[in-house]
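Novice: have a look; sequence and predicted model below, questions after that.
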Amino acid sequence: MIGIIDYNAGNIKSVERAVTYLGINYLISKTPKDLENCDKLIFPGVGEAKYAMDQLKKSGFDSFLKDASQSNKSILGICLGSQIIFEHSEEGDTECLGLLKGKIQHFSTLFDKQGIDKSHFKIPQIGFNDISFAKQAENEAIFKGIKEFSSFYFVHSYVIQAENPNDVIASCDYGIKVPSAIHHENIYAFQFHPEKSGEVGLNLLKNFCTLGGESC
């Protein structure tokens, strides 16, 4: 059973439609206790980091996700959910979940740091962009049936800066190298929206749900 976390800040409906289309057994809830027996968790997100963390704390999903991570449940963060699994976000100077080591910085911060003229790029990045695989992604089960340079739908102003570069299994180019897919042990994260990326995105979601040979 797949658990979908509803914390009033997630892109819940489109994720729900996607897993329904795939025929995946799932449970969606605003209450951590309801999802305790789920084998895998999908942690979507759209919006602002500080508000999202406030909602997670109010609902108890902050400690729930930390416990789930430590108990080796597979977790998939999507968009904002892919960012607040890290330690800190520049957005609202927000302390995040800290499931993985790293920080989240605005495109402008990174463009300035690298001396890139940000006037050439619209922020947020909105639209489809091709992803390239990292060398360590060669045997990634999450990419089964996914060709390199497949295109996925992005909407974001902030960028993942993982402390361990080996956690980044795919990136896209948007003036800078943008980490787009993360994998560390039982944690996966997509900066893009697989549920809004057509067939290739649905394939990724299906791959997550069948990790370890488990059936959905």
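Specialist: Okay, I see it. Remember, it's a predicted structure, so these values are computed and weren't measured experimentally.

Novice: just give me how far the host helix or strand of Val15 sits from the chain centre.
Specialist: If you go by DSSP states H and E, Val15 is part of helix 12-21. Relative to its chain's centre, helix 12-21 lies at 15 Å (C-alpha atoms, centre = their mean, to the nearest Å).

Novice: pLDDT on the helix or strand that it is followed by, on average?
Specialist: Per DSSP H and E, the first helix or strand lying C-terminal to helix 12-21 is strand 26-29. For strand 26-29, mean pLDDT rounds to 96.

Novice: okay, buried residues for strand 26-29 please.
Specialist: Using 16 or more other C-beta atoms under 10 Å as the test for burial, strand 26-29 gives Tyr26, Ile28, Ser29. In this view, the C-beta of every residue, glycine as well, is placed from N, C-alpha and C.

Novice: now tabulate those in JSON lines and tack on distance to Asn37.
Specialist: Output for the buried residues of strand 26-29, formatted as JSON lines (distance: C-beta to C-beta, whole Å):
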{"residue": "Tyr26", "distance to Asn37": "13"}
{"residue": "Ile28", "distance to Asn37": "14"}
{"residue": "Ser29", "distance to Asn37": "11"}
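
Novice: looking at those residues, which is nearest Phe152?
Specialist: Closest approach between those and Phe152, by C-beta to C-beta: Tyr26, at 21.5 Å.
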